[in-house]
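1. The sequence and its predicted three-dimensional model are supplied below.
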Amino acid sequence: MEALPLELHAQIFEFACTDDGSTARSLALVSRYFRDVSAPYLYQSLAISGMEQMNELVTRLDVTPPHLRRIRHLFLSDWSLSQTKERVVAVSDEAQDRYELEKTLALRILTLAAPTVESLVVVASCPFTGPPLLGALFSTPMLHLTELAVHGFYPFPHSPRSMPRLERLHLSGNRNPHGLLQLGALDSACPSLAHLRISGLVAAASFAEELQAAILPIQFAVRYPPYSTYVSAV
């Protein structure tokens, strides 16, 4: 290792730091040299769940120079794993304040990640703040994003060319996303989309008809714009 130049060390660290951030944090503890070389990759790949982790990350990112906070791969959940498993939704004023803070922190992380993120998973479990959080996500320009998975009650992507390089999209949480393939909004927001997966469908007859009409427009009297993207719906 001592014989390798700094550029090769940096490339090795870049390839190694693709987990939840543990590798980059461990490298930073080896020596001052390793800490300096691995610094640009400390936030390259992150898995963040719940308010405590979101708050800690926002605190760190807000004082980190942009060139050292390049987030390329991000898993973000507004609730912790224990909250998601319990599925207890409190309605007290205190709980509502907490939900609002969770949304604010998640939005801040998405804003900071937007310029560099390439793959993104967003889990919005809170029924009160999940839809506006996902709405803000689809309105945020992410020019380098190629893969996106969204879990929660989502609105439809609508902002033109907000995700121009997105190739793979997985949507889960809307039982009947009727209208998703209409009016060309999805094509406008994600012009490079090649694979669309939609899961969590329940009693979605109207969407099934819409999907069939979009894939085979010539066979139906009510026709939607032709849809060339590979689509799977479950």
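-> Received it, and whenever you're ready, just let me know what you need. The structure presented is a predicted model; accordingly, all values stated were derived computationally and were not measured.
2. What residues sit buried inside stretch 120-136?
-> Within stretch 120-136, the residues scored as buried using 16 or more other CB atoms under 10 Å are 120-126, 129-131, 133-135. Backbone N, C-alpha and C define where each C-beta goes, glycine included.
3. any idea of the mean pLDDT in it?
-> Averaged across stretch 120-136, pLDDT comes to 94.
4. for this protein, longest helix please?
-> If you go by DSSP state H, the chain has its longest helix at helix 93-113.
5. and the next element down the chain from that one?
-> Moving toward the C-terminus from helix 93-113, the next helix or strand (DSSP states H and E) is strand 119-123.
6. Report all helices and strands that that next one contacts.
-> With contacts defined as 3 or more CB pairs under 8 Å, 6 or more residues apart in numbering; DSSP states H and E, strand 119-123 has these neighbours: strand 73-77, helix 93-113, helix 130-139, strand 147-151.
7. Can you give the contact residues for that strand?
-> Contact partners of strand 119-123, identified using CB atoms under 8 Å, 6 or more residues apart in numbering, comprise 49, 72-79, 84, 106, 110, 113, 133-134, 137, 142, 145-152.
8. could you check the angle helix 93-113 makes with that strand?
-> Per axes from the mean of the first three to the mean of the last three CA atoms, to 10 degrees, the angle that strand 119-123 makes with helix 93-113 is 170 degrees.
9. Just checking: what are the partner strands of strand 119-123?
-> As defined by DSSP bridges, the strand partners of strand 119-123 come to strand 73-77 (parallel), strand 147-151 (parallel).
10. The chain: helices as residue ranges?
-> Taking DSSP H as the test, the helices found in the chain are 6-16, 22-28, 32-38, 50-61, 81-86, 93-113, 130-139, 185-189, 205-215.
11. Mean pLDDT lowest where, among these?
-> Here the lowest mean pLDDT among those goes to helix 6-16, at a mean of 75.
12. by contact count, what packs against that helix?
-> Applying 3+ CB pairs under 8 Å, 6+ apart, we find helix 6-16 packed against helix 22-28, helix 32-38.
13. gap between the nearest residue to L81 once chain neighbours are set aside and A28?
-> Nearest non-adjacent residue to L81, counting by CB to CB, 6 or more residues apart in numbering: S49, 5.9 Å away. Between S49 and A28 the computed distance is 22 Å (CB to CB, to the nearest Å).
14. Please apply the same query to L186.
-> Distance of L186 to A28, given as CB to CB: 41 Å.
15. can you list the helices of the chain in JSON lines and add distance to H178?
-> Conversion of these to JSON lines gives the following (distance: least, CB to CB, whole Å):
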{"stretch": "helix 6-16", "distance to H178": "43"}
{"stretch": "helix 22-28", "distance to H178": "42"}
{"stretch": "helix 32-38", "distance to H178": "48"}
{"stretch": "helix 50-61", "distance to H178": "32"}
{"stretch": "helix 81-86", "distance to H178": "27"}
{"stretch": "helix 93-113", "distance to H178": "26"}
{"stretch": "helix 130-139", "distance to H178": "16"}
{"stretch": "helix 185-189", "distance to H178": "13"}
{"stretch": "helix 205-215", "distance to H178": "4"}
